[in-house]
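Novice: give the three-dimensional model of this entry:
(one chain, ligands or ions: 1)
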Amino acid sequence: MKAAVYRTYGPPEVVSIEDRPCPRIGDNDVLIRVHATTVSSGDWRLRTLTVPAGLGLAMRLFAGLRKPRQPVLGTELSGLVVDRGKGVTDWDPGDRVVAFPGAKMGAHAEYVAMPADGCLAHKPGGLSFGEAAAIPFGGLTALEFLRDKGRLQAGERILIVGASGAVGSAAVQLAAHFGAHVTGVCSGENAGLVRSLGAERVIDYRREDFARGRERFDMILDTTASAPWTRVRHMLTPKGRLVIVSSSARDMLRAAVNRRVIGGVSSGSHKGLRHLVRLVEDGAFFPLVDRIYPFEHIVRAHAHVDSGRKKGAVVLSIIPDISRRGPAAGSADTHRAQSLRA
Ligand SMILES: NC(=O)c1ccc[n+]([C@@H]2O[C@H](COP(=O)([O-])OP(=O)(O)OC[C@H]3O[C@@H](n4cnc5c(N)ncnc54)[C@H](OP(=O)(O)O)[C@@H]3O)[C@@H](O)[C@H]2O)c1
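Specialist: Predicted structure coming up:
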């Protein structure tokens, strides 16, 4: 099978498409023919070893000291079940699925083996494969940080910093769905998009320092590492929480001693993924797709992610999606988001 492989850390050009053996499945696994996957900020971190301050050694120990231990990146995918182990009864060949290998990676390939009880769900019928592939990374992170870690309540006021990224665009939609009043921080060019996702107010970080405002929030969700506790604590209500999606070592130490600072990593549960799929089917959540690249243009896809300016997800199409209803290749989608709220 074809897979995108990197054997050394570095710029987008370290990635190339090679022939690799097709993964073998065990008794309790399914084999998925991948139709679409994404290049995420997680892939960028693993490819470049760019990590929050103080976590460089931990990242090398995880990813491989001198070279990548797992040469195939890719945290999320959509596709078709094509084979199953003899112990699997829940999934049938032909099932359309969305899956999150997460930190195990490996989704930048034509085939992926997943445990049948892993982070796997039926693909929502109304989405293309490209759109469905963009559900887990941003959606699961947003869901877990808002609902499970931050315990966001209806009626609370939340500030979401980095509201146009994969995690931020999902967080704006989910927070609004949970009944919170959302203020998003993004660049002016993404203000309309973030409003269309459910933000009541938008702050353009290039024109205004969000930390100087008078408004108080019950939760600040920071996806950009630009809202450390010392900078934003005065913006929180007495019970307000700072929820940091991308924690430095210092943030982790602070979270260990201060219950109002929350960090950690998303666990990527199948229950969470199935919940997100139901929200998609109910029209309450739509995974925002920025651009769709053919698999062979994976280096360009990585380069776009490296810009730090993507809106939602950057999708790789492994099998061209003729039923695609999403954004045109090479353009940011705002229409689906707007129609979601219309
Ligand atoms: N803890 C976990 O388990 C976990 C899970 C997933 C992701 N993460 C981390 O979460 C972070 C966000 O991930 P992501 O995938 O959402 O990133 P992303 O999609 O690459 O974020 C790009 C977006 O960030 C916006 N942005 C950049 N600088 C900003 C600033 N100063 N203020 C406001 N917006 C800004 C950009 O908007 P403009 O173009 O308008 O500037 C762009 O839309 C990453 O650090 C990632 O590693 C952690």
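Novice: where in the chain is pLDDT low?
Specialist: 322-342 (pLDDT under 70).
Novice: which residues in it form helices?
Specialist: Residue ranges of the helices in the chain, as given by DSSP state H, are 41-48, 56-63, 129-133, 136-143, 166-177, 191-197, 229-232, 249-257, 270-281, 298-306, 335-341.
Novice: could you dump those into JSON lines and include mean neighbour count and distance to the ligand?
Specialist: (Each C-beta comes from the backbone N, C-alpha and C, glycine too.) Formatted as JSON lines, the helices of the chain follow (neighbours: other C-beta atoms under 10 Å; distance: least, C-beta to the nearest ligand atom, whole Å):
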{"stretch": "helix 41-48", "mean neighbour count": "21", "distance to the ligand": "3"}
{"stretch": "helix 56-63", "mean neighbour count": "13", "distance to the ligand": "11"}
{"stretch": "helix 129-133", "mean neighbour count": "30", "distance to the ligand": "14"}
{"stretch": "helix 136-143", "mean neighbour count": "28", "distance to the ligand": "4"}
{"stretch": "helix 166-177", "mean neighbour count": "28", "distance to the ligand": "3"}
{"stretch": "helix 191-197", "mean neighbour count": "22", "distance to the ligand": "9"}
{"stretch": "helix 229-232", "mean neighbour count": "15", "distance to the ligand": "12"}
{"stretch": "helix 249-257", "mean neighbour count": "15", "distance to the ligand": "11"}
{"stretch": "helix 270-281", "mean neighbour count": "19", "distance to the ligand": "12"}
{"stretch": "helix 298-306", "mean neighbour count": "20", "distance to the ligand": "6"}
{"stretch": "helix 335-341", "mean neighbour count": "16", "distance to the ligand": "13"}
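Novice: out of these, the one nearest Ser317 is which?
Specialist: helix 129-133 (5.9 Å; C-beta to C-beta).
Novice: now for that closest one, which elements pack on it?
Specialist: Here helix 129-133 touches strand 29-39, strand 77-84, strand 96-99, strand 289-294, strand 313-317, going by 3 or more C-beta pairs under 8 Å, 6 or more residues apart in numbering; DSSP states H and E.
Novice: now the angle from the first one to helix 136-143?
Specialist: Think strand 29-39. Counting by axes from the mean of the first three to the mean of the last three C-alpha atoms, to 10 degrees, strand 29-39 lies at 80 degrees to helix 136-143.
Novice: in its sheet, what does strand 29-39 sit against?
Specialist: strand 77-84 (antiparallel), strand 111-115 (antiparallel), strand 313-317 (antiparallel) (DSSP bridges).
Novice: how about the third one?
Specialist: Taking DSSP bridges as the criterion, strand 96-99 pairs within the sheet with strand 77-84 (antiparallel), strand 120-122 (antiparallel).
Novice: buried ones in the last one?
Specialist: Within strand 120-122, the residues that count as buried by 16 or more other C-beta atoms under 10 Å are Leu120, Ala121.
Novice: what separates the closest residue in space to Met105 that isn't next to it in sequence from Met1, distance-wise?
Specialist: Excluding the flanking residues, the one nearest Met105 by C-beta to C-beta, 6 or more residues apart in numbering is Gln70, at 4.9 Å. Noted for Gln70: a distance of 16 Å to Met1, by C-beta to C-beta, to the nearest Å.
Novice: having no further points to raise, I will conclude here.
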